[in-house]
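J.: here's a sequence, model it:
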Amino acid sequence: MGVLLVVFLGSLVGEVVQAEARHELPQTARLAQGVGPTPRDDGERVASSHAPAGPSFSIFLPLVLKTYGQPLLMGVYPAGWLSLEATFTGELVPLDTWTGKQHSLVGTFLDIQQSIYVVSTLSATWDHGYTPFVNMMAPGTTAAQIADGSMDSHLNSWALAFKTYAEGGAGRAAFIAPLPEMNGNWTPYYNADPTYFKNAFAHIRQVFANNGVPAGSVRWVFAPNGYSLAEDPFEEYYPGDSVTDIIGFSSYNYGFYPSYGSRWDNPSFTFGNYLPRLRAMTSTKPIIFSQTGTTAWASVSGRDDSAKNQWLIDAFTYLAGQAQVRGLIYYNIQGWEVIDWPVHLNGALTDYTGYQTGAANPAYRYIAPAELKNMPLLP
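T.: Numbers count the residues shown, from 1 in each chain. Sure, this is the predicted structure:
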């Protein structure tokens, strides 16, 4: 005897809609907000469809509704110039291979007077599979000079160069942090009156708009420093949600490095000391720790490589569990301060495998530039 098998697609669709409605938040978001885990933490839902009465079967169709939490972005500052191929083949690609995961962001510093390097530097970064994160520096320049238009010849050239970059290929993008660490009195554009920085930040944005830089090609970053004089808290320099896309932040563990540090700060202090203030400043913007690193000087006695390795592991773990945090950019440069920030320099220093272990955390995911450009980064 034949069996008539009927599946009511309308009922199935109804189950799908209900399942989607119930599954409002990704698992990571629910946990971050203190909401209990979903019934099945792999994100699966099972919908059933039933045949009418009579000889029939109940059919259970596995309906998998994949949920992807916001990825955490991993970035790095290389020692070499990004306009040189050797920086990619000899530094960044080997670092990715050693890490076991490609970095999504590559940080760099470009002066407003260096428009000649904008296209070559950013294009090479993008074409090698990284999204550029640009700290827009202004040596010998005050925030007031930028705000009043005195530097517009440089800014116009910079914006036009960026437009050329952005319109190349299928459309490129970058993160730009104008005048980073503006609340630090060591920067030339520092001013105890935050109004000058706020006006300069808004003016730079306006110059880009006036020069026809494509909308959506820039994520504008407010990037203060954690430490400052007591009278220069970073909150007072915040230009506002309406002109800011991302919160960047500089915070390092100097440890007991001679002449620079006098205490060892664990990640819960290096980052956690500032996160409540950042969240109070704005709850609607994602946070990227856009400059960070650690020394191995865990005591006055000298370097302790195991302590640095543990710090690196703890940093990745700590940030992965923090609301609003969407990544970090590690300062893999032994610069003018000679502090031992790097974790891997092709054997020039001890390779700090804690970085590998920390980066293996699945919360950190490589995002290709074109995908990241079109991906909303949510707080």
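J.: I329 in helix, strand or coil?
T.: Secondary structure for I329, judged by DSSP: H, G, I helix; E, B strand; the rest coil, is strand.
J.: can you tell me the closest non-neighbouring residue to it?
T.: Excluding its sequence neighbours, the residue lying closest to I329 (CB to CB, 6 or more residues apart in numbering) is G75, at 3.5 Å. Any C-beta I mention is one placed from the backbone N, CA and C, and that applies to glycine too.
J.: next helix or strand past the host helix or strand of the one you found?
T.: When elements are defined using DSSP states H and E, G75 is found to belong to strand 73-77. Reading on from strand 73-77 to the C-terminus, the next helix or strand found by DSSP H and E is helix 85-87.
J.: count of neighbours near T195?
T.: For T195, the count of nearby residues is 13 (other CB atoms under 10 Å).
J.: in a helix, it, correct?
T.: Yes: assigned with three-state DSSP, T195 falls within a helix.
J.: now it: how far from A147?
T.: Distance, T195 to A147, by CB to CB, to the nearest Å: 9 Å.
J.: which stretches of the protein have low pLDDT?
T.: Low-confidence segments of the chain (pLDDT under 70): 1-69, 336-337, 346-349.
J.: show me where it has helices.
T.: In the chain, the helices defined using DSSP state H lie at 9-22, 27-32, 85-87, 93-99, 118-127, 143-147, 152-166, 194-210, 267-270, 275-281, 305-320, 353-359, 369-373.
J.: the residue lying closest to D245 once chain neighbours are set aside pairs with what?
T.: Take D245 and drop its neighbours on the chain: the residue closest to it by CB to CB, 6+ apart is R219, 4.4 Å away. Assessed by DSSP bridges, R219 has beta-bridge partners F175.
J.: from what I see, R219 and I247 are in contact.
T.: No: contact criterion CB atoms under 8 Å: R219 and I247 do not qualify, at 11.0 Å.
J.: settle it for me: which of these two has more neighbours?
T.: Counted by other CB under 10 Å, R219 and I247 do not tie: I247 has more neighbours, with 27 against 21.
J.: show me the residues around the more buried one that make contact.
T.: For I247, the contact set (CB atoms under 8 Å, 6 or more residues apart in numbering) comprises 221-223, 278, 281-282, 285-288.
J.: ditto for H154
T.: Contact partners of H154, counting by CB under 8 Å, 6+ apart, are 112-113, 115.
J.: most surrounded residue in those residues?
T.: Tallying neighbours with other CB under 10 Å puts I112 at the head of the contacts of H154, with 21 neighbours.
J.: quick one: it and V134 touch, right?
T.: No: using CB under 8 Å, I112 makes no contact with V134, being 10.9 Å away.
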